[in-house]
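Student: have a look at this prediction, sequence included:
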Amino acid sequence: MATIIDGKAFAAKIRSQVKEDADNLIAKKQVDPCLAVVLVGENPASKVYVGAKTKMAAECNIKTKDYKLDESTDQETLLKLIKNVK
């Protein structure tokens, strides 16, 4: 027999645990949790996805750094940015 899982409740539980873990890291001064997002171009679906991740990060007390690059950005420039994000 199949078990029905409440996806929204499960996701809320996971977010709660991530927030607790982030708060503990901040309190212990071990690390300052941060989500770096690199968006290349103007894809509407990507913007929605990034917006959702940014919102969830804020709910979990995780800072975000957004890097928006032009669609014409070459691979070398992109890789250099990724390597140097801190």
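Tutor: Done, it's in. None of the values given here were measured: they were computed from a predicted structure. Numbering: from 1, shown residues only.
Student: ok, Val38 - contacts?
Tutor: Tyr67, Leu69, Leu78, Leu81, Ile82, Val85 (Cβ atoms under 8 Å, 6 or more residues apart in numbering). All C-beta atoms are positioned from the backbone trio N, CA, C, and that covers glycine.
Student: and it, what helix or strand is that in?
Tutor: Element membership of Val38, judged by DSSP states H and E, is strand 34-40.
Student: now do the helices in this protein.
Tutor: For the chain, the helices defined by DSSP state H cover 7-27, 44-59, 75-84.
Student: report the buried residues of stretch 31-46.
Tutor: Pro33, Leu35, Val37, Val40 (16 or more other Cβ atoms under 10 Å).
Student: would you turn those residues into CSV with pLDDT?
Tutor: Below are the buried residues of stretch 31-46 laid out as CSV (pLDDT from 0 to 100):
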residue, pLDDT
Pro33, 93
Leu35, 94
Val37, 93
Val40, 94
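Student: nearest to Gly51 among those?
Tutor: The nearest member of the buried residues of stretch 31-46 to Gly51, counting by Cβ to Cβ, is Val37 at 9.7 Å.
Student: for the closest one, list each beta-bridge partner.
Tutor: Asp66 (DSSP bridges).
Student: pretty sure it contacts Ala52?
Tutor: No: Val37 lies out of contact with Ala52 (Cβ atoms under 8 Å); the separation is 11.0 Å.
Student: of the contacts of Val38, closest to Met1?
Tutor: The shortest approach to Met1 among the contacts of Val38 belongs to Ile82, at 46.5 Å (Cβ to Cβ).
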